[in-house]
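**Student:** sequence unknown, structure follows:
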Ligand SMILES: N[C@@H](CCOP(=O)(O)O)C(=O)O
């Protein structure tokens with residue numbers, strides 16, 4: 001495996017603030033982290049990454065949840081609900097049915113607002129406070145808006161969310177609404193919403209907290225750190241592969257960064273880095289297209305459709321970070337149909353794990369890759385499930401069984417059960 005490491009400068013650059021700085025992944029330009037607001041490189045518009053003079057070691061970590069990993073984050077604590085420390089479920093029947101040596105499910109739906117976005121927001125909203133901004137904003141297929149609304153409320157800040165009209169699951173809008181976000185429904189898809197939010201941010205109207213913001217991804221790195229720690233505790237090894245749903249490609253980028261930092265600090269052998277394996281819905285699969293064609297960038301899909309609304313995205317902004325993450329860890333990407341997603345949602349539910357459709361894409365993708373022989377039977381695999389079942393009650397009703405009406409009478413109920 002050729003795990004390319006972009007090592008930090010041997011000496012801290014002059015822009016470093018407490019050993020932390022921002023660096024462009026394209027041209028290497030470096031910026032002070034908290035003096036000005038920027039999301040991309042001033043010189044070439046490339047994506048930025050947060051860099052640290054001292055990458056973390058396992059011994060640095062202490063406590064529970066996202067802030068256990070503060071040695072790998074820009075602050076010691078954040079605006080917290082708290083988040084992280086999600087379960088790594090065993091699923092014995094599914095494991096044997098799919099036919100891999102080990103299958104564990106990292107259920108990010110068990111975060112405070114029901115998705116992994118909370119990990120990014122606890123850091124992102126803390127940074128917003130450091131920068132002294134008033135208004136936070138995001139484009140969202142739903143989960144980011146729910147998390148931003150809750151963490152913004154926790155931080156006492158104004159929040160603005162732009163959603164694609166008619167394409168956001170009910171649970172997610174309810175969350176943004178009750179947490180008092182100002183909700184704008186745009187007559188367009190998620191990618192158009194993000195274009196507008198980027199324009200608003202560029203005009204200084206709001207602080208952008210989508211995963212284009214490099215600090216969001218710092219919080220999301222902790223998913224990878226938790227998986228490695230817990231898996232190692234249980235098996236004495238690290239997983240061969242981590243399979244994850246891909247929308248804006250923030251998690252793929254974040255996990256890759258977590259692994260690179262551990263390699264840099266000598267805590268992880270490049271050979272032990274799990275293969276990052278992305279799964280998209282067939283109707284919204286620009287990353288799969290880029291991986292299959294060996295492209296260095298994705299082409300924007302203007303028309304996207306899938307019942308997995310959380311990954312209904314045609315222009316993944318983090319593709320320049322995520323494509324190398326998949327390639328350099330020897331991973332792959334695969335597209336699955338909506339039917340395969342629903343089937344996987346039922347499979348997980350049969351093990352007691354309730355997830356929204358996009359989350360089930362990881363399991364659907366694993367099954368497909370196992371059937372085609374890309375994933376071997378002796379592999380140890382972790383699938384990431386990104387959001388809770390209750391996020392999308394309509395999809396759950398559609399995938400599950402209908403309630404049966406019965407008379408208000410015990411004998412009649414017994415008769416009905418005997419039918
Ligand atoms: N699925 C996401 C889409 C936005 O992604 P982000 O990670 O860039 O915020 C959502 O829940 O809105």
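**Tutor:** Here it is on my side, so go on. Given the structure is predicted, the values throughout are model-derived calculations rather than measurements. Residues are numbered from 1 along each chain as shown.
**Student:** got a list of what the residue nearest in space to the middle of the chain touches?
**Tutor:** What sits nearest the mean C-alpha location of the chain, by Cα atoms, centre = their mean, is residue 251, with 3.9 Å. Counting by Cβ atoms under 8 Å, 6 or more residues apart in numbering, residue 251 touches 116, 220, 223, 244, 384, 386. The way it works is simple: take the backbone N, C-alpha and C, and place the C-beta from them, glycine included.
**Student:** Apply 7 Å and report the result again.
**Tutor:** Residue 251 makes contact with 116, 220, 223, 244, 384, according to Cβ atoms under 7 Å, 6 or more residues apart in numbering.
**Student:** Does residue 138 fall in a helix, a strand, or a coil region?
**Tutor:** strand (DSSP: H, G, I helix; E, B strand; the rest coil).
**Student:** mind checking how far it is from residue 312?
**Tutor:** The gap separating residue 138 from residue 312 is 16 Å, by Cβ to Cβ, to the nearest Å.
**Student:** of the two, who's got more company?
**Tutor:** Using other Cβ atoms under 10 Å, the more surrounded residue of residue 138 and residue 312 is residue 138, with 33 against 24.
**Student:** The more buried one pairs with what?
**Tutor:** residue 161 (DSSP bridges).
**Student:** Next up, the contacts around it.
**Tutor:** 144-145, 148, 161, 197, 208-210.
**Student:** hang on, the earlier thing: give me the ChimeraX select line for the contacts of residue 251, limited to the buried ones.
**Tutor:** Buried members of those, defined by 16 or more other Cβ atoms under 10 Å, are picked up in ChimeraX with:
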select :116,220,223,244,384
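**Student:** Switch the contacts of residue 251 over to CSV; also include secondary structure and pLDDT.
**Tutor:** CSV is the format used below for these (DSSP: H, G, I helix; E, B strand; the rest coil; pLDDT from 0 to 100):
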residue, secondary structure, pLDDT
116, coil, 98
220, helix, 99
223, helix, 99
244, strand, 98
384, strand, 98
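**Student:** What average pLDDT does stretch 92-102 get?
**Tutor:** For stretch 92-102, mean pLDDT is 98.
**Student:** Next: stretch 227-239.
**Tutor:** 98.
**Student:** is it true that the residue nearest to the centre of the chain lies in a helix?
**Tutor:** Yes: assigned with three-state DSSP, residue 251 falls within a helix.
**Student:** Near residue 88, how many residues? Count them for me, please.
**Tutor:** 17.
**Student:** Now it, what are its backbone angles?
**Tutor:** Main-chain dihedrals, residue 88, degrees, to the nearest 10: phi -110, psi 80.
**Student:** ok, it to the ligand distance?
**Tutor:** Distance, residue 88 to the ligand, by Cβ to the nearest ligand atom, to the nearest Å: 22 Å.
**Student:** now swap in residue 69 and tell me
**Tutor:** Going from residue 69 to the ligand by Cβ to the nearest ligand atom gives 19 Å.
**Student:** Dihedrals phi and psi, that residue?
**Tutor:** Main-chain torsions, residue 69, degrees, to the nearest 10: phi -100, psi 30.
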